[in-house]
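Colleague: Mind looking at a prediction? Sequence and model below.
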Amino acid sequence: MRITAKQTSEKTLTDVARAMDRKQPVTITYIKADGSTTVRTIETQDIRMTKAGAIILRAADRQSGELRTFRLDRIQAYTIHRGRYVVALPEAPVAAPVPSTPAALVAFEIARDERPATRRLAPAA
């Protein structure tokens, strides 16, 4: 078990990203927004950064079988397992059609601006 207080957030992020690439589940000790602590085994699907600069993990929670969001700075400890992912996730939604008229393009851009603001981290070179 790795204690995040004893290492940099970059090390934690690197370990979680490596586990995601290898499709290895990670058990985390996590502080929820209400201050309570929970232990979850997750299967990380995506790593993003919010506009505010918080790094978030989008992961399948093995307990509920659903995709959840976890903030990296709220992970107190983690263990990377040797096994593989087992949670069956729904298929990705079909991509939206490309707008064909100026009015459709404007409507598409307005709808995109109203979505929750997150962006993907650039992969390491």
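Modeller: Arrived safely.

Colleague: So which residues of the protein form helices?
Modeller: 9-21, 102-113 (DSSP state H).

Colleague: Kindly export the strand ranked longest in the chain (C-alpha atoms) in PDB.
Modeller: Determined from DSSP state E, the single longest strand within the chain is strand 37-50. Provided in PDB are the C-alpha atoms of strand 37-50 (Å, rounded to 0.1, in the frame of the first residue of the first chain):
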ATOM      1  CA  THR A  37     -13.500   7.800   4.400                       C
ATOM      2  CA  THR A  38     -14.200   4.900   2.100                       C
ATOM      3  CA  VAL A  39     -12.200   2.100   0.500                       C
ATOM      4  CA  ARG A  40     -13.000   1.300  -3.100                       C
ATOM      5  CA  THR A  41     -11.500  -0.900  -5.800                       C
ATOM      6  CA  ILE A  42     -11.600   1.100  -9.100                       C
ATOM      7  CA  GLU A  43     -10.800   0.500 -12.700                       C
ATOM      8  CA  THR A  44      -9.600   3.800 -14.100                       C
ATOM      9  CA  GLN A  45     -11.000   4.600 -17.600                       C
ATOM     10  CA  ASP A  46      -9.900   8.200 -18.000                       C
ATOM     11  CA  ILE A  47      -7.800  10.900 -16.300                       C
ATOM     12  CA  ARG A  48      -8.900  14.500 -16.700                       C
ATOM     13  CA  MET A  49      -8.200  18.000 -15.400                       C
ATOM     14  CA  THR A  50     -11.000  20.400 -14.500                       C
END
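
Colleague: could you measure V16 against R84, distance?
Modeller: The gap separating V16 from R84 is 16 Å, by Cβ to Cβ, to the nearest Å. C-beta: built from backbone N, CA, C; applies to glycine.

Colleague: and of the helices of the chain, who's closest to K51?
Modeller: Among the helices of the chain, the nearest to K51 by Cβ to Cβ is helix 102-113 (12.4 Å).

Colleague: if we can go back for a sec, give the other helices and strands that the longest strand of the chain contacts.
Modeller: helix 9-21, strand 26-31, strand 55-61, strand 67-71, strand 118-120 (3 or more Cβ pairs under 8 Å, 6 or more residues apart in numbering; DSSP states H and E).
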